[in-house]
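In: Please find the sequence and the predicted model below.
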Amino acid sequence: MKRNLLIALAAAAGGTGAVHAAQFTTTADIYAAAGYASSYTGAGVLNNARGAAADGGRDAFDGYGYYTATGGLTYNRQTEVFAAQNLFRFFDTFTNNTAQEVTKTVTFYGNLGSDSQTKVQASGAGFLVTCQFNAACSGDPVVAAIYGNNGLGVQSLAGENYSVNYTLHLAPGQSASILNFAFLASSLGGTNASDVTLATDRAQELTANPFIDGLTSQQVKQIVNFGNGQPAAVPEPATWAFMIGGFGMVGASLRRRRVLLAHA
(Lines give C-alpha, C1' and ligand atoms only; values in the text may rest on other atoms or scores of the structure.)
Protein backbone atom coordinates (compact mmCIF):
# COMPACT_ATOMS: atom_id res chain seq x y z
CA MET A 1 0.00 0.00 0.00
CA LYS A 2 2.77 2.39 0.92
CA ARG A 3 4.57 1.63 -2.33
CA ASN A 4 1.42 2.48 -4.29
CA LEU A 5 1.21 5.82 -2.51
CA LEU A 6 4.86 6.61 -3.18
CA ILE A 7 4.40 5.80 -6.86
CA ALA A 8 1.33 8.01 -7.02
CA LEU A 9 3.23 10.91 -5.46
CA ALA A 10 6.15 10.38 -7.82
CA ALA A 11 3.81 10.40 -10.79
CA ALA A 12 2.18 13.61 -9.64
CA ALA A 13 5.64 15.14 -9.34
CA GLY A 14 6.62 14.07 -12.82
CA GLY A 15 6.75 10.33 -13.42
CA THR A 16 10.30 8.98 -13.73
CA GLY A 17 12.00 12.21 -12.75
CA ALA A 18 11.22 14.32 -15.81
CA VAL A 19 10.01 17.86 -15.24
CA HIS A 20 6.38 18.36 -16.26
CA ALA A 21 4.19 21.43 -16.32
CA ALA A 22 1.57 21.87 -13.62
CA GLN A 23 -1.44 19.68 -14.38
CA PHE A 24 -5.15 20.40 -14.58
CA THR A 25 -7.38 18.59 -12.07
CA THR A 26 -9.94 16.14 -13.35
CA THR A 27 -13.56 16.61 -12.37
CA ALA A 28 -15.53 14.35 -10.02
CA ASP A 29 -18.15 13.48 -12.60
CA ILE A 30 -18.94 9.82 -12.07
CA TYR A 31 -22.57 9.01 -12.82
CA ALA A 32 -24.15 8.14 -9.46
CA ALA A 33 -27.64 7.62 -8.07
CA ALA A 34 -28.26 11.36 -7.79
CA GLY A 35 -26.19 13.36 -10.25
CA TYR A 36 -22.40 13.37 -10.42
CA ALA A 37 -20.10 12.20 -7.63
CA SER A 38 -16.51 11.25 -6.87
CA SER A 39 -17.47 7.59 -6.43
CA TYR A 40 -20.17 5.05 -7.07
CA THR A 41 -20.78 1.68 -5.44
CA GLY A 42 -23.71 -0.45 -6.49
CA ALA A 43 -25.25 -2.71 -9.09
CA GLY A 44 -24.04 -2.50 -12.64
CA VAL A 45 -26.47 -2.52 -15.54
CA LEU A 46 -25.66 -3.50 -19.12
CA ASN A 47 -25.15 -0.43 -21.36
CA ASN A 48 -25.89 1.85 -18.42
CA ALA A 49 -23.63 4.78 -17.53
CA ARG A 50 -24.07 4.31 -13.76
CA GLY A 51 -20.54 4.24 -12.35
CA ALA A 52 -18.98 5.56 -15.57
CA ALA A 53 -17.14 8.88 -16.02
CA ALA A 54 -18.98 11.59 -17.95
CA ASP A 55 -16.41 14.13 -19.17
CA GLY A 56 -13.40 13.78 -16.91
CA GLY A 57 -12.56 17.44 -17.38
CA ARG A 58 -11.59 19.27 -20.60
CA ASP A 59 -13.66 16.81 -22.65
CA ALA A 60 -11.41 13.83 -21.98
CA PHE A 61 -14.41 11.51 -22.38
CA ASP A 62 -17.85 11.33 -23.87
CA GLY A 63 -18.88 8.63 -21.39
CA TYR A 64 -16.18 6.20 -20.27
CA GLY A 65 -16.05 3.03 -18.21
CA TYR A 66 -19.12 0.81 -18.48
CA TYR A 67 -19.93 -2.62 -19.88
CA THR A 68 -21.64 -3.20 -23.21
CA ALA A 69 -21.59 -6.97 -22.75
CA THR A 70 -21.71 -9.04 -19.56
CA GLY A 71 -22.41 -12.53 -20.90
CA GLY A 72 -25.50 -12.73 -18.70
CA LEU A 73 -23.41 -12.52 -15.52
CA THR A 74 -24.52 -10.19 -12.74
CA TYR A 75 -22.05 -7.51 -11.76
CA ASN A 76 -21.44 -4.88 -9.12
CA ARG A 77 -19.37 -1.74 -9.48
CA GLN A 78 -17.03 0.32 -7.38
CA THR A 79 -15.84 3.35 -9.31
CA GLU A 80 -13.73 6.12 -7.84
CA VAL A 81 -11.91 9.22 -9.04
CA PHE A 82 -8.72 10.23 -7.27
CA ALA A 83 -8.66 13.86 -8.34
CA ALA A 84 -5.23 14.60 -6.83
CA GLN A 85 -3.84 11.92 -9.14
CA ASN A 86 -6.11 12.57 -12.17
CA LEU A 87 -6.97 8.90 -11.94
CA PHE A 88 -10.24 6.99 -12.44
CA ARG A 89 -10.45 3.44 -11.09
CA PHE A 90 -13.14 0.99 -12.20
CA PHE A 91 -13.51 -2.14 -10.05
CA ASP A 92 -16.18 -4.53 -11.37
CA THR A 93 -17.17 -7.87 -9.88
CA PHE A 94 -18.94 -10.49 -11.99
CA THR A 95 -20.80 -13.45 -10.49
CA ASN A 96 -22.07 -16.68 -11.99
CA ASN A 97 -25.47 -17.21 -10.36
CA THR A 98 -26.28 -20.33 -12.35
CA ALA A 99 -25.87 -23.97 -11.37
CA GLN A 100 -23.44 -24.61 -14.22
CA GLU A 101 -19.84 -23.62 -14.91
CA VAL A 102 -19.80 -20.86 -17.53
CA THR A 103 -17.36 -19.22 -19.91
CA LYS A 104 -18.45 -15.69 -20.78
CA THR A 105 -16.92 -12.62 -22.41
CA VAL A 106 -17.55 -9.21 -20.88
CA THR A 107 -16.72 -5.94 -22.66
CA PHE A 108 -15.49 -2.77 -20.97
CA TYR A 109 -16.19 0.34 -23.08
CA GLY A 110 -15.34 4.02 -23.26
CA ASN A 111 -15.77 6.87 -25.71
CA LEU A 112 -12.82 9.25 -25.87
CA GLY A 113 -13.77 12.91 -26.22
CA SER A 114 -11.47 13.54 -29.15
CA ASP A 115 -14.24 13.79 -31.76
CA SER A 116 -12.83 11.21 -34.20
CA GLN A 117 -9.36 12.79 -33.96
CA THR A 118 -7.90 10.17 -31.63
CA LYS A 119 -4.19 9.48 -32.13
CA VAL A 120 -2.37 6.59 -30.46
CA GLN A 121 0.79 7.90 -28.80
CA ALA A 122 2.08 4.85 -26.93
CA SER A 123 1.06 1.31 -26.13
CA GLY A 124 2.33 -1.72 -24.27
CA ALA A 125 1.18 -5.00 -22.82
CA GLY A 126 -1.83 -3.82 -20.83
CA PHE A 127 -2.07 -0.11 -21.63
CA LEU A 128 -2.84 2.39 -24.39
CA VAL A 129 -2.05 6.14 -24.46
CA THR A 130 -4.01 8.43 -26.78
CA CYS A 131 -4.50 12.14 -27.41
CA GLN A 132 -6.24 14.47 -29.86
CA PHE A 133 -5.16 15.84 -33.24
CA ASN A 134 -1.45 15.35 -33.85
CA ALA A 135 1.86 13.89 -32.70
CA ALA A 136 2.52 16.84 -30.38
CA CYS A 137 -1.02 16.59 -28.95
CA SER A 138 -3.36 19.48 -28.27
CA GLY A 139 -6.94 20.05 -27.23
CA ASP A 140 -8.32 17.30 -24.98
CA PRO A 141 -6.22 15.66 -22.25
CA VAL A 142 -3.97 12.72 -22.95
CA VAL A 143 -5.70 9.52 -21.79
CA ALA A 144 -3.80 6.48 -20.53
CA ALA A 145 -6.06 3.41 -20.37
CA ILE A 146 -4.69 0.57 -18.25
CA TYR A 147 -6.46 -2.77 -18.58
CA GLY A 148 -4.27 -5.50 -17.05
CA ASN A 149 -0.86 -7.13 -17.06
CA ASN A 150 -1.47 -10.84 -17.63
CA GLY A 151 -2.93 -10.92 -21.14
CA LEU A 152 -6.53 -11.58 -20.10
CA GLY A 153 -7.80 -8.32 -21.62
CA VAL A 154 -7.97 -7.94 -25.40
CA GLN A 155 -8.05 -4.21 -26.18
CA SER A 156 -9.28 -2.50 -29.35
CA LEU A 157 -9.70 1.07 -30.57
CA ALA A 158 -12.07 2.02 -33.39
CA GLY A 159 -11.88 5.76 -33.98
CA GLU A 160 -12.54 7.19 -30.54
CA ASN A 161 -14.36 4.08 -29.29
CA TYR A 162 -12.22 2.14 -26.83
CA SER A 163 -13.08 -1.37 -25.61
CA VAL A 164 -11.53 -4.35 -23.86
CA ASN A 165 -12.84 -7.93 -23.94
CA TYR A 166 -12.28 -10.24 -20.96
CA THR A 167 -13.20 -13.92 -21.11
CA LEU A 168 -14.12 -15.30 -17.69
CA HIS A 169 -14.39 -18.94 -16.57
CA LEU A 170 -16.58 -19.17 -13.48
CA ALA A 171 -17.85 -22.08 -11.42
CA PRO A 172 -21.39 -21.92 -9.98
CA GLY A 173 -21.53 -19.12 -7.42
CA GLN A 174 -18.01 -17.95 -8.21
CA SER A 175 -17.07 -14.28 -8.64
CA ALA A 176 -14.23 -12.58 -10.48
CA SER A 177 -13.25 -8.90 -10.46
CA ILE A 178 -11.81 -6.76 -13.24
CA LEU A 179 -9.78 -3.63 -12.61
CA ASN A 180 -9.45 -0.78 -15.13
CA PHE A 181 -7.80 2.62 -14.83
CA ALA A 182 -7.90 5.86 -16.81
CA PHE A 183 -5.18 8.44 -16.11
CA LEU A 184 -5.50 11.94 -17.57
CA ALA A 185 -2.66 14.36 -18.32
CA SER A 186 -3.04 17.96 -19.50
CA SER A 187 -0.85 20.94 -18.67
CA LEU A 188 -2.60 24.03 -17.34
CA GLY A 189 -1.45 25.95 -20.39
CA GLY A 190 -2.81 23.31 -22.76
CA THR A 191 -2.13 19.68 -23.63
CA ASN A 192 1.28 19.08 -25.18
CA ALA A 193 3.90 16.39 -25.87
CA SER A 194 5.24 16.42 -22.30
CA ASP A 195 1.83 15.20 -21.15
CA VAL A 196 2.28 12.11 -23.33
CA THR A 197 5.48 11.32 -21.46
CA LEU A 198 3.76 11.77 -18.11
CA ALA A 199 0.80 9.59 -19.14
CA THR A 200 3.06 6.87 -20.53
CA ASP A 201 5.16 6.81 -17.35
CA ARG A 202 2.02 6.53 -15.23
CA ALA A 203 0.56 3.80 -17.46
CA GLN A 204 3.70 1.71 -17.10
CA GLU A 205 3.68 2.17 -13.33
CA LEU A 206 0.03 1.18 -13.00
CA THR A 207 0.47 -1.81 -15.27
CA ALA A 208 3.35 -3.13 -13.18
CA ASN A 209 1.88 -2.11 -9.81
CA PRO A 210 -1.88 -1.40 -9.91
CA PHE A 211 -3.22 1.16 -7.45
CA ILE A 212 -5.26 -0.94 -5.01
CA ASP A 213 -5.36 1.36 -1.97
CA GLY A 214 -8.79 1.21 -0.34
CA LEU A 215 -9.69 -2.23 -1.69
CA THR A 216 -10.10 -5.07 0.77
CA SER A 217 -7.86 -8.14 0.72
CA GLN A 218 -10.82 -10.21 -0.50
CA GLN A 219 -11.42 -7.77 -3.37
CA VAL A 220 -7.78 -7.91 -4.36
CA LYS A 221 -7.82 -11.73 -4.35
CA GLN A 222 -10.67 -11.72 -6.88
CA ILE A 223 -8.91 -9.50 -9.46
CA VAL A 224 -8.29 -11.62 -12.56
CA ASN A 225 -6.70 -9.21 -15.08
CA PHE A 226 -3.61 -8.46 -12.98
CA GLY A 227 -1.23 -11.03 -11.53
CA ASN A 228 -1.95 -14.71 -12.15
CA GLY A 229 -5.55 -14.12 -13.21
CA GLN A 230 -7.15 -16.76 -11.00
CA PRO A 231 -10.23 -15.78 -8.97
CA ALA A 232 -10.29 -16.85 -5.36
CA ALA A 233 -11.89 -20.28 -5.21
CA VAL A 234 -14.67 -21.01 -2.74
CA PRO A 235 -13.99 -24.39 -1.07
CA GLU A 236 -16.77 -26.95 -1.35
CA PRO A 237 -18.36 -28.17 1.95
CA ALA A 238 -16.49 -31.47 1.63
CA THR A 239 -13.23 -29.60 1.19
CA TRP A 240 -13.91 -27.52 4.29
CA ALA A 241 -14.59 -30.75 6.24
CA PHE A 242 -11.34 -32.26 4.98
CA MET A 243 -9.39 -29.11 5.90
CA ILE A 244 -10.94 -28.96 9.37
CA GLY A 245 -10.20 -32.64 9.87
CA GLY A 246 -6.62 -32.03 8.78
CA PHE A 247 -6.28 -29.17 11.25
CA GLY A 248 -7.60 -31.48 13.97
CA MET A 249 -5.03 -34.19 13.17
CA VAL A 250 -2.23 -31.63 13.16
CA GLY A 251 -3.41 -30.32 16.53
CA ALA A 252 -3.59 -33.84 17.97
CA SER A 253 -0.08 -34.59 16.69
CA LEU A 254 1.28 -31.45 18.33
CA ARG A 255 -0.40 -32.34 21.63
CA ARG A 256 1.10 -35.84 21.58
CA ARG A 257 4.52 -34.36 20.85
CA ARG A 258 4.24 -31.99 23.82
CA VAL A 259 3.25 -34.92 26.12
CA LEU A 260 6.24 -36.99 24.99
CA LEU A 261 8.61 -34.06 25.50
CA ALA A 262 7.17 -33.46 28.99
CA HIS A 263 7.95 -37.07 29.97
CA ALA A 264 11.35 -37.19 28.32
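Out: Yep, it's here. Quick caveat, the model's predicted, so the values are computed rather than measured.
In: dump the residue contacts of Ala122.
Out: Going by Cβ atoms under 8 Å, 6 or more residues apart in numbering, Ala122 touches Leu128, Val129, Val196, Ala199, Thr200, Ala203. In this view, the C-beta of every residue, glycine as well, is placed from N, C-alpha and C.
In: ok, now how distant is Gly139 from Ser114?
Out: Taking Cβ to Cβ, to the nearest Å as the measure, Gly139 and Ser114 are separated by 7 Å.
In: Neighbour count: those two, which is higher?
Out: Higher neighbour count among Gly139 and Ser114: Ser114, with 22 against 17, using other Cβ atoms under 10 Å.
In: Give the helix, strand or coil label for Tyr36.
Out: Assigned state for Tyr36: strand (three-state reduction, DSSP: H, G, I helix; E, B strand; the rest coil).
In: err, Lys119, not the other one
Out: For Lys119, the secondary structure call by three-state DSSP comes out as strand.
In: And for the closest residue to it other than its chain neighbours, the neighbour number?
Out: Of all residues not flanking Lys119 in the chain, Cys131 sits nearest, at 5.9 Å (Cβ to Cβ, 6 or more residues apart in numbering). With neighbours defined by other Cβ under 10 Å, the count for Cys131 comes to 32.
In: Test my guess that Cys131 contacts Val142.
Out: Yes: between Cys131 and Val142 there is a contact under Cβ atoms under 8 Å: 4.4 Å.
In: Among the contacts of Ala122, which lie within helices?
Out: Val196, Ala199, Thr200, Ala203 (DSSP state H).
In: Tell me the buried residues within those residues.
Out: Burial by neighbour count, 16 or more other Cβ atoms under 10 Å: within the ones in helices among the contacts of Ala122 this picks out Val196, Ala199, Thr200, Ala203.
In: Distance to Phe90 and pLDDT for these - can I get that in CSV?
Out: Below are those laid out as CSV (distance: Cβ to Cβ, whole Å; pLDDT from 0 to 100):
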residue, distance to Phe90, pLDDT
Val196, 23, 94
Ala199, 17, 97
Thr200, 20, 97
Ala203, 15, 98
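In: From those residues, pick the one nearest Asp29.
Out: Nearest to Asp29 out of those is Ala199 (Cβ to Cβ; 19.4 Å).
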